[in-house]
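**Q** Next one to model:
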Amino acid sequence: MKQRLSPDLFNLPVEQIKSGFFSDNYFVRTQEILIKDNHRPKVVMQVFQRQHAVVCGIDEAIAIIKKCAHNPESLTIHALHDGDLVEPWETVMTIEGDLADFSHLETVYLGALSRQTKIATNVRKVVAAVNGKPVLFFPSRFDHYAVQTSDGYAAHIGGVHGVSTPANGALWGAEALGTIPHALIATYGGDTVKATKAFDRYVDQRINRVALVDFSNDCVATSLAVARELGDALWAVRLDTADNLVDVSVIPQMSTFKPTGVCAQLVLNVRQALDAEGFNHVKIMVSGGFNAERIRQFETAGVPVDIYAVGSSLFNDNINFTADIVMVDDKPCSKVGRSYRPNPRLTLVE
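**A** Residues are numbered from 1 along each chain as shown. I've put the predicted structure just below:
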């Protein structure tokens, strides 16, 4: 039986949500009118979106309703589970009760569903492209810090291997992963070997040693220099060449392929150089502009990547949820084209 996250795990600003601070104002005014007119019909609210997707945000939406509705004990919720695959227009949740008790929450729970489903769906597409290799969720620097916890949970639901911030892993018990940033290398005068040795000297030995090797735009030479220094302690090198640069090792091989950034030829050059000196154990991690399509191209071509770190592309695309009243006092009543679509996969939320 699938388990849901407890509503108590979510750090919700309950009083602000209850007051309508985060709500489209017409939902708050709807609530005000219904209460003042003493018009309290029982409704069924139906929630859906329009794409093939991995639904996520269900548990947070439930928490929002249970903690921020008025008289939540009088509401009946049926819902899918986080991680369920859904079809376009498939009902993912219904809320039954007095609309005046939960009208103010529509903006908030739809937003949670939309964002988390987008991320879970994008991650699942990447995971499907990597042939079982680890995918790291590294886009947190590209959005507001306040969404990191739910983003990381959605990435987990999508199948990601690891995350980069403690907040990303808070809801699913994951420790943050991390390599060496360019900033650390810069403080050592651009010497990647010195920076990596400092990492090795002072960071917990349980943490994998991963060297970032593109600072000088010579990934082959830098990878070899670090590998010679650290030997068996070096777990991986990370290639992160900017998409407007051509690595030194690639320049002599430029021909019909796009030579900029972390191109396939660069990965091959690093792999061959490491293997030639006996550093077969050193893995290759790549980052910088990767999405599902680009990863699929690498995998089809047999490019020897071991780990993909994926960033801002996981925030791309829009998945938008909509909520409609479809029943009023047990009778069908809905906007044209939005009739009640029962879904036997929904389960009662206790």
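
**Q** quick one: the strands in the stretch 151-300 of the chain?
**A** Shown for the stretch 151-300 of the chain, the strands assigned by DSSP state E, counting those that start in this stretch span residues 162-163, 209-212, 234-239, 283-286.

**Q** From the recorded domain assignment, give the ranges for the protein.
**A** The chain resolves into domains spanning 7-119+317-348, 129-315 when parsed by the TED database.

**Q** Make a markdown table from these and add distance to M1 and mean pLDDT to it.
**A** Backbone N, C-alpha and C define where each C-beta goes, glycine included. Supplementary listing: these in a markdown table, determined by distance: least, C-beta to C-beta, whole Å; pLDDT from 0 to 100:
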| stretch | distance to M1 | mean pLDDT |
| --- | --- | --- |
| domain 7-119+317-348 | 9 | 97 |
| domain 129-315 | 17 | 96 |
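
**Q** got JSON lines for those domains, with mean neighbour count too?
**A** Putting the domains of the chain into JSON lines (neighbours: other C-beta atoms under 10 Å) gives the following:
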{"stretch": "domain 7-119+317-348", "mean neighbour count": "18"}
{"stretch": "domain 129-315", "mean neighbour count": "18"}
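
**Q** ok so, going back, compare the strands of the stretch 151-300 of the chain and give me the one nearest E175.
**A** Nearest to E175 among those is strand 162-163 (8.3 Å), distances taken as C-beta to C-beta.

**Q** distance between that closest one and the chain's centre?
**A** Distance of strand 162-163 from its chain centroid, counting by C-alpha atoms, centre = their mean, to the nearest Å, is 10 Å.

**Q** Stretch 142-157 now?
**A** Going by C-alpha atoms, centre = their mean, where stretch 142-157 is centred and where its chain is centred differ by 6 Å.

**Q** mind listing what D98 touches?
**A** D98 is in contact with 34, 40-43, 71, 74-75, counting by C-beta atoms under 8 Å, 6 or more residues apart in numbering.

**Q** need those in TSV with distance to V305 and secondary structure, can you?
**A** Supplementary listing: these in TSV, determined by distance: C-beta to C-beta, whole Å; DSSP: H, G, I helix; E, B strand; the rest coil:
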residue	distance to V305	secondary structure
L34	56	helix
R40	59	coil
P41	57	coil
K42	55	strand
V43	51	strand
N71	54	coil
S74	54	helix
L75	48	coil
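
**Q** which among these gets closest to F279?
**A** Comparing those against F279 with C-beta to C-beta picks out L75 as the nearest, at 60.0 Å.

**Q** Name the nearest residue to that closest one, sequence neighbours excluded.
**A** Spatial nearest neighbour of L75, excluding adjacent residues (C-beta to C-beta, 6 or more residues apart in numbering): G97 at 3.9 Å.

**Q** okay, whichever helix or strand that neighbour is part of in CSV with CA atoms only?
**A** In this structure, G97 is located in strand 93-98 according to DSSP states H and E. Coordinates of the C-alpha atoms in strand 93-98 are reproduced here as CSV (Å, rounded to 0.1, in the frame of the first residue of the first chain):
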residue,chain,number,x,y,z
MET,A,93,-7.9,14.8,-6.8
THR,A,94,-11.4,15.6,-5.7
ILE,A,95,-12.4,17.7,-2.7
GLU,A,96,-16.0,17.4,-1.5
GLY,A,97,-17.6,19.8,1.0
ASP,A,98,-18.6,23.4,1.6
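
**Q** Can you give the distance from that strand to the centre of its chain?
**A** Between the centre of strand 93-98 and the centre of its host chain there is 28 Å, according to C-alpha atoms, centre = their mean.

**Q** State which helix of this protein is the longest.
**A** If you go by DSSP state H, the chain has its longest helix at helix 106-129.

**Q** Just give me how far that one sits from the chain centre.
**A** Relative to the chain's own centre, helix 106-129 is displaced by 7 Å; criterion: C-alpha atoms, centre = their mean.

**Q** All further residue positions should be reported with the first residue as 735.
**A** Got it, first residue is 735 now, which makes that one helix 840-863.

**Q** Now the element after it, going C-ward?
**A** Moving toward the C-terminus from helix 840-863, the first helix or strand encountered (DSSP H and E) is strand 869-871.

**Q** Can you give the strand pairings for that next one, parallel or anti for each?
**A** Paired strands of strand 869-871, with direction, are strand 896-897 (parallel), strand 1041-1044 (parallel) (DSSP bridges).

**Q** show me what contacts the spatially most central residue of the chain?
**A** Here the mean C-alpha position of the chain is nearest to the C-alpha of A889 (C-alpha atoms, centre = their mean), at a distance of 3.5 Å. By C-beta under 8 Å, 6+ apart, the residues touching A889 are 853-854, 857, 871, 897, 902, 1048.

**Q** show me where the stretch 935-1084 of the chain has helices.
**A** All helices of the stretch 935-1084 of the chain, identified by DSSP state H, counting those that start in this stretch, fall at 953-964, 998-1010, 1026-1035.

**Q** and A797, how far is that from V788?
**A** Separation of A797 from V788 (C-beta to C-beta, to the nearest Å): 19 Å.

**Q** Ok, Q750 next?
**A** Q750 is 29 Å from V788, where distance means C-beta to C-beta.

**Q** One more: T841?
**A** To V788, T841 is 23 Å away according to C-beta to C-beta.

**Q** picking up where we left off before, from the contacts of D832, which is closest to V1060?
**A** V777 (8.3 Å).

**Q** hang on, that closest one packs against I1059?
**A** Yes - with the criterion set as C-beta atoms under 8 Å, V777 and I1059 qualify as a contacting pair; they are 4.9 Å apart.
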